[in-house]
Every structure is written in structure tokens, then in C-alpha cells.
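Student: model this:
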Amino acid sequence: MKNAKILVAYLTRSGNTRVIAGTLQRALGAGLFEIRPARPYPEDHELHVAQATRERDNSFEPPLAEKVANIAAYDEIYLGFPVWAKPCHRP
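Tutor: Prediction:
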């Protein structure tokens, strides 16, 4: 879509998704928005994944620190997020 208003929104745990989102934002000439929960997740990876798993399993949507102002103004939105896996526990 020529002259489309584009937004790249992303959630990151380690910063990797932030790097990719920034690259995409620059290539597209888009706006950039970091999705952050109002209460940050634990820094420890296993605790972070455990909390995210509980929230997913309970259909809990954590409140956000900020929301995109006038999201309807965007023609295209690219969403980036980390892929979390349950820790592998071996006997």
C-alpha cells in the first residue's frame, strides 16, 4: 500500500526482538512501539517463562504500561514477539 501509515509494535524479553523491530521500522519508515506490561516480568528466564505460561493458561491479559494512541490511524501493523518455551526438565 503506497503511502500507508505503518506501525511496528513489539514485545521483547532479551532485546533480540527489539533489534529486529528497529531494523524493520527503519526499512519501512514506520512508527515503533514497545509493548511493555505495567508490571515487568522477572529477569530470570525460567521465572519469566513460568509466569507467562500461567497467564496464557488462565487467559490472563496483563495490563500494559502504555497503549498505542489512535491505533485505528494505522493502515498496517507489524507485530513482533518472543517465542517462549517451557523449560526442559530432565529426570
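Student: could you report the neighbour count for G80?
Tutor: A count of neighbours around G80, defined by other CB atoms under 10 Å, yields 20. C-beta: built from backbone N, CA, C; applies to glycine.
Student: show me the contacts for it.
Tutor: Taking CB atoms under 8 Å, 6 or more residues apart in numbering, we find G80 in contact with 8-12, 17, 20-21, 24.
Student: now with 6 Å, please.
Tutor: Counting by CB atoms under 6 Å, 6 or more residues apart in numbering, G80 touches 10, 17, 20-21.
Student: over to Y74?
Tutor: Counting by CB under 6 Å, 6+ apart, Y74 touches 5, 7.
Student: distance check, R39 against L79.
Tutor: Distance, R39 to L79, by CB to CB, to the nearest Å: 21 Å.
Student: could you check which of the two has the larger neighbour count?
Tutor: L79 (12 against 9).
Student: the bottom helix or strand of the protein by mean pLDDT?
Tutor: helix 45-57 (a mean of 88; mean pLDDT, DSSP states H and E).
Student: quick one: mean pLDDT for the next helix or strand after it?
Tutor: Remark: after helix 45-57, the chain's next helix or strand is strand 76-80, criterion DSSP states H and E. Averaged across strand 76-80, pLDDT comes to 96.
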